[in-house]
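Asker: got a structure for you, letters missing:
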């Protein structure tokens, strides 16, 4: 290169002015070198754009999850359980410390998170505390759970892996984003959503340690486990079930010093839990009370004086929540989601992947434990959503076409397959256009005619538009008739 003297295959290190002059006045090897430098820069930006588009679907899912969880949080009146937690948060704001009560309340993580957010929003006592502020904490935790589900879903088997995320992970994140129990209790000021998010954080960090053997991931898992313990005393139950599922599924860490890393994780967990239970050193007796909570719980539920709590339900309660039930004239169900999860559970045992088996075992252990104890609350269902979503995403993946399979409907290799493909493409794009039109109209109408504060009048009650109804009945019929003709012809030609 006349500009820098280096071989033309190497990157030019001449100044920008020298490269510009050569590019404008030469057509020889030097110009080729300068142009190759520009091509390398263009390739860099192409890689940046590809990376952005690769993460764009996850960003859209997380954005939708955050909007669903954070929109109009102050509209619903607070439940008694939420108000109870809000009073504790108000006391923390006003006194600056929190005294853990092992007989009546859970850990302090929820209150410290809400108090920090309240101070950011300029709320410094119970009277100033708003529904939106306190409910933003579980809303953010629920959105974080969507991201953590996607990161955990990267461990699902895939025939066509992508450098960052594979689409089964995106499917699992989408399931969690719109799951009824996960969504509803992400707008509910109680501990359960934070506990579920921290559990997923432990799993993500533990999986990274399991694969890399790096001590920092063990410390991260320990810190998340400590925050779990400081959130609710039932945290060890989930960690125990996860350990049993991992061992039975055959997962083995690559760390050469697993005992040392586990010890570091345990120290980190104890440090995080002790810091919060002691109110950052201001209430040392909170450490003793944290242990006493288990004795009080055993006496309350298993002791001789234990009586009904009002939350006793049949052992099929959680299966009903994820199944099908009729109540108040309405049908409530998650049958499609549960069917996919069951299919993923079956596939986990018919295939020899350790991670799906561990997920299936974990979901089975958690579901069995929740069903065994008579004390049941609906918000416990959030702990089943993420593992079931990952199993459902695995089932969807197994039902889809693989890019490495010997037969691929999107890559026809013969005349018959070509004719089917040529019919599929226009039908797909017609359906895609209709989908976009319908969804855009649906979102626009929902936003345009949504309820607004101060508008208490009932809108005009109309029967409908007969011409419009006839039109949108005839038009789809004509489209289907148009598709039926070539479909029948192709089918007869292949007989």
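Answerer: Arrived safely, thanks for sending. What you see is a predicted model, and the numbers here were worked out from it, not measured in a lab. Numbering: from 1, shown residues only.
Asker: Contact partners for the residue most central in space within the chain?
Answerer: Closest residue to the average C-alpha location of the chain: residue 146 at 1.7 Å, with CA atoms, centre = their mean. Going by CB atoms under 8 Å, 6 or more residues apart in numbering, residue 146 touches 61, 62, 65, 173, 176, 177. The C-beta positions use only the backbone N, C-alpha and C, and glycine is treated the same way.
Asker: So the fourth one belongs to a helix, correct?
Answerer: Yep, that's residue 173 we're talking about. Yes. Under DSSP: H, G, I helix; E, B strand; the rest coil, residue 173 falls within a helix.
Asker: Remind me which helix or strand the residue nearest to it when sequence neighbours are not counted belongs to.
Answerer: Closest residue to residue 173 apart from its sequence neighbours, by CB to CB, 6 or more residues apart in numbering: residue 150 at 3.8 Å. Using DSSP states H and E, residue 150 falls within helix 131-153.
Asker: Run the chain-centre distance for that helix.
Answerer: Counting by CA atoms, centre = their mean, to the nearest Å, helix 131-153 is centred 8 Å from the centre of its parent chain.
Asker: which residues of the protein fall in strands?
Answerer: Remark: strands assigned in the chain by DSSP state E are 324-327, 330-333.
Asker: May I see the ones you listed organised as TSV, with distance to residue 91 added?
Answerer: Shown next, in TSV, are the strands of the chain (distance: least, CB to CB, whole Å):
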stretch	distance to residue 91
strand 324-327	37
strand 330-333	37
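Asker: Out of those, flag the one nearest residue 428.
Answerer: Nearest of the strands of the chain to residue 428, taken as CB to CB: strand 330-333 at 29.4 Å.
Asker: got the contact list for residue 314?
Answerer: Shown in contact with residue 314 (CB under 8 Å, 6+ apart): no residues.
Asker: ok, now how distant is it from residue 375?
Answerer: As for residue 314, its distance to residue 375 is 12 Å (criterion: CB to CB, to the nearest Å).
Asker: re the thing from before, most neighbours among the contacts of residue 146, please name it.
Answerer: The member of the contacts of residue 146 that has the most neighbours, counting by other CB atoms under 10 Å, is residue 176 with 30 neighbours.
Asker: OK, contacts around that one?
Answerer: By CB under 8 Å, 6+ apart, the neighbours of residue 176 are 65, 145, 146, 149, 182, 385, 386, 389.
Asker: can we see that at 7 Å?
Answerer: By CB atoms under 7 Å, 6 or more residues apart in numbering, the contact list for residue 176 reads 145, 146, 149, 182, 385, 386, 389.
Asker: still on that earlier bit, state the distance from the residue lying closest to the residue nearest to the centre of the chain once chain neighbours are set aside to residue 142.
Answerer: Excluding its sequence neighbours, the residue lying closest to residue 146 (CB to CB, 6+ apart) is residue 65, at 4.5 Å. Counting by CB to CB, the gap from residue 65 to residue 142 is 7 Å.
Asker: Mind listing what's buried along stretch 129-146?
Answerer: 129, 131-146 (16 or more other CB atoms under 10 Å).
Asker: centre of the chain versus that stretch, how much separation?
Answerer: With CA atoms, centre = their mean, you get 15 Å for stretch 129-146.
Asker: isn't residue 242 right next to residue 363, touching?
Answerer: No. Using CB atoms under 7 Å, residue 242 makes no contact with residue 363, being 10.8 Å away.
Asker: higher neighbour count, these two?
Answerer: Ranked by neighbour count (other CB under 10 Å), residue 242 and residue 363 place residue 363 first, with 25 against 21.
Asker: and that one, what is it in contact with?
Answerer: Residue 363 makes contact with 384, 387, 388, 391, according to CB under 7 Å, 6+ apart.
Asker: how close does residue 211 get to residue 355?
Answerer: Taking CB to CB, one finds residue 211 at 11 Å from residue 355.
Asker: Of those two, which one has the most company?
Answerer: Just comparing residue 211 and residue 355: by other CB under 10 Å the higher neighbour count belongs to residue 355, 21 against 14.
Asker: quick one: pLDDT of the more buried one?
Answerer: Here, the pLDDT recorded for residue 355 equals 85.
Asker: Contacts only, for it.
Answerer: Contacts of residue 355 (CB under 7 Å, 6+ apart): 155, 156.
Asker: pLDDT weak spots in the stretch 151-300 of the chain?
Answerer: Across the stretch 151-300 of the chain, the ranges flagged by pLDDT under 70 are 157-165, 300.
Asker: got a pLDDT number for residue 459?
Answerer: pLDDT for residue 459: 75.
Asker: phi, psi of it?
Answerer: Backbone torsions for residue 459, taken as degrees, to the nearest 10, come to phi -70, psi 160.
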